[in-house]
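# take this sequence and fold it.
(chains A and B)
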Amino acid sequence: MTAASIPATSLRGNPRRRGPERIVHGLFFGAALGSVLISVLIVASLLGGAIDFLRIVDLGKLVADGWYPRRDEFDLATLIVGSFIVTFIATLVAVPVGLLAAIYLSEYANRRARSVIKPILEILAGIPSVVIGFFALTWISPNVVQLFNPKANDFSLLAAGLGVGVLTIPLIASISEDSLRAVPTALREASYGLGARRMTTSLRIVVPAAISGIVASVILGVSRAIGETMVVAVAAGGSGGSQFTANPFEPGQTITAAMAALATGTDQVVGSTAAFQSLFFLGLVLFILTLVFNQLGELVVRRTRQIY
Amino acid sequence: MTAIASAGVRPIGRSGPDWRGMAFQGLLLFSLLFSLAVLATLLLDIVQRAVPVIAERGTDILTRPTSSQPTKAGVAQGIFGTGMMAVFVIAFAFPIGIMTAIYLEEYARDSRLTRFISLNIRNLAGVPSVVYGLLGLSIFVLTLGPLTGGRSMIAGGLTLAVLVLPIVIITSSEAIRAVPRALREAGYGVGASRWEVTRKLVVPAAAPGILTGTVLALSRALGETAPLILTGAVLGGFSTGNKDIIEQIFGRFTVLPVTVFDFARKPQADFRELTAAAIVVLLVITLLANAIAILLRNRFERAT
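I've put the predicted structure just below:
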């Protein structure tokens, strides 16, 4: 009896067992294509609405005193400057705090401290943004914003920006910490072996080695801050529209908050009015902005990543 | 040797206390404690505001519908809507997401199409949630309006399912990728087919990780506000009358985060406290889901 005597047909297996293979394969492939369909539908709906908007709207109205969609005044600069201010303030808070906290967790904290602190940071990350918005309006605004400027409005871009910053801290901390911990211990040991202290090792060896992940975390944080809606919708005011302002102590409007404001009144604006179609135009601007940032993040990681 | 030393090379190690190092460590610790303090302040502030209302009205808040009067308004419709959103996410996003993850990790060859699908999913995960709201508005509310009933619960539920799909796929993929290769090879070695290896070996081994990711995705979905405002969740009062659950699925709805937003916008001071009470209910639900996910993962990590 040799192996050669087994007929080839018996190696093909039981057809009853082979049958499901093809069905399952097809089904799973279909599911995977579903995600591509979603992207196509997103781009199609945004483009369609945005083109309709540009066709209906009097292009001169894209420059006005402020963003008042129900009065047909669509000053884009109001929203872009608003988004920039909120994102800038959020980044100013979240990048140093998130990064320094990540260095502590990765380089200084012992195992037990880490096992307690990391879940707490994850809880902070899990708090719904509308809750952070309420906190920004009712606590950050009177206790922090009005500390700097007692005459500041209850609703302000600064309060919204600080709220978005709080929301972005755990994101930056968690991605940075992952990349810091991925740096091989041998590098740290080599540094200690030369007599370097912990601070020198952290700043001159570990941080530079993890720079790709750190930069990516900052870029993703910025992208997240640009796209954040509810914090600004609750805390920045301007639900009916907003005058152009570059003063963070005043109420204002961002791209995202303008969309939420338009939608809270959709019963009135539904249909083919310019105000309704402007939703899709803003959506497209936001989509492109965040896509550019996310691609930039991927590019940085790919360019600067060291494989250990 | 002495020539180098006298050339002014500083030794790296210095004696005496390392003041700069201590200051640096203090700064790091301060940043970390700052984040924790923000969380503590937020929770304390909200609980402090909520306690008087909760003490006064008790479970009345949980059982009443929304209203324009702060003394009567409750979150019952929001809780029901949020529960139904969970059903939609579990029914649509979980199976499709897990199937996609299995396809990408177990079935797909490393082709250009596969790489495109993966890249596309990563990009979808970075799309702001408000943009998914526009997708829901344009597809589920307007285009499929005759089927979904327009601004209805089903339109909102499907929008949330689409929103968390990339998160479900990415976390499930990671869990499946973490299953040791040897397990699969052992399966193929005894003559199992690909589907048998997947179903009986890979998925059970990856189950805790998949579960963690899906619960996190669910918690994220239940906290979302912006996409549901765009797809027409009701701000303000509405009545469901005597509609049965099927009619409600195709009818108007609201969810807890939208109720919170609605209350937070109201100018009356009494609504401030009611908002805090609604937030407490919302946080209990989302943080419970988060805590379950974190516990599951910690157990899972210890086991491997």
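# so where does residue 275 fall, helix or strand?
Assuming you mean chain A. For A:Ala275, the enclosing helix or strand under DSSP states H and E is helix A:274-304.
# hm, I was asking about chain B
Counting by DSSP H and E, the element that carries B:Thr275 is helix B:269-303.
# how many neighbours does the nearest residue to A:Val93 once chain neighbours are set aside have?
Of all residues not flanking A:Val93 in the chain, A:Gly165 sits nearest, at 3.1 Å (Cβ to Cβ, 6 or more residues apart in numbering or on different chains). Glycine gets a C-beta too; all of them are placed from N, C-alpha and C. By the criterion of other Cβ atoms under 10 Å in any protein chain shown, A:Gly165 has 29 neighbours.
# so who does A:Gly165 touch?
Contact analysis of A:Gly165 by Cβ atoms under 8 Å, 6 or more residues apart in numbering or on different chains lists A:89-94, A:97, A:225.
# just the buried residues of the residues you listed.
Buried members of the contacts of A:Gly165, scored by 16 or more other Cβ atoms under 10 Å in any protein chain shown, are A:89-91, A:93-94, A:97, A:225.
# out of those, what pair is the most spread apart?
A:Val97 and A:Ala225 (13.6 Å; Cβ to Cβ).
# quick one: which helix or strand includes the residue positioned nearest the centre of chain B?
Chain B has B:Arg220 as the residue nearest its centroid, 1.4 Å off, counting by Cα atoms, centre = their mean. Under the criterion of DSSP H and E, B:Arg220 resides in helix B:203-223.
# show me how far the helix or strand harbouring the residue nearest to A:Val93 is from its chain's centre.
Using DSSP H and E, A:Gly165 sits in helix A:157-181. Offset of helix A:157-181 from its chain centre (Cα atoms, centre = their mean, to the nearest Å): 10 Å.
# quick one: work out the angle between that helix and helix A:274-304.
Following axes from the mean of the first three to the mean of the last three Cα atoms, to 10 degrees, one obtains 30 degrees for the angle between helix A:157-181 and helix A:274-304.
# so after helix A:157-181, what's the next helix or strand?
Next along the chain after helix A:157-181, taking DSSP H and E as the criterion, comes helix A:185-193.
# which elements pack onto the following helix or strand past that following helix?
Per DSSP H and E, helix A:185-193 leads on to helix A:198-200 as the next helix or strand towards the C-terminus. Packing contacts for helix A:198-200, counted by 3 or more Cβ pairs under 8 Å, 6 or more residues apart in numbering or on different chains; DSSP states H and E, involve helix B:19-57.
# please redo it, this time with the cut-off set to 6 Å
Other helices and strands packing on helix A:198-200, by 3 or more Cβ pairs under 6 Å, 6 or more residues apart in numbering or on different chains; DSSP states H and E, are absent; none qualifies.
# what does it contact?
For helix A:198-200, contacts defined as Cβ atoms under 6 Å, 6 or more residues apart in numbering or on different chains pick out B:21, B:24.
# what about the helix or strand that it is followed by, average pLDDT?
Going down the chain from helix A:198-200, the next helix or strand is helix A:207-209, by DSSP H and E. For helix A:207-209, mean pLDDT is 92.
# so how far is helix A:207-209 off the chain centroid?
Average the C-alpha atoms of helix A:207-209, do the same for its chain, and the two points are 24 Å apart (Cα atoms, centre = their mean).
# residue of the stretch 1-150 of chain B with the smallest distance to chain A?
Using Cβ to the nearest Cβ, the single residue of the stretch 1-150 of chain B nearest to chain A is B:Pro128, 2.7 Å away.
# in contact with that residue, which residues?
By Cβ under 6 Å, 6+ apart, the contact set of B:Pro128 is A:227, A:286, A:290.
# what number of residues lie near B:Leu135?
27.
# was I right to think it contacts A:Ile42?
Yes: counting by Cβ atoms under 6 Å, B:Leu135 touches A:Ile42, with 5.0 Å between them.
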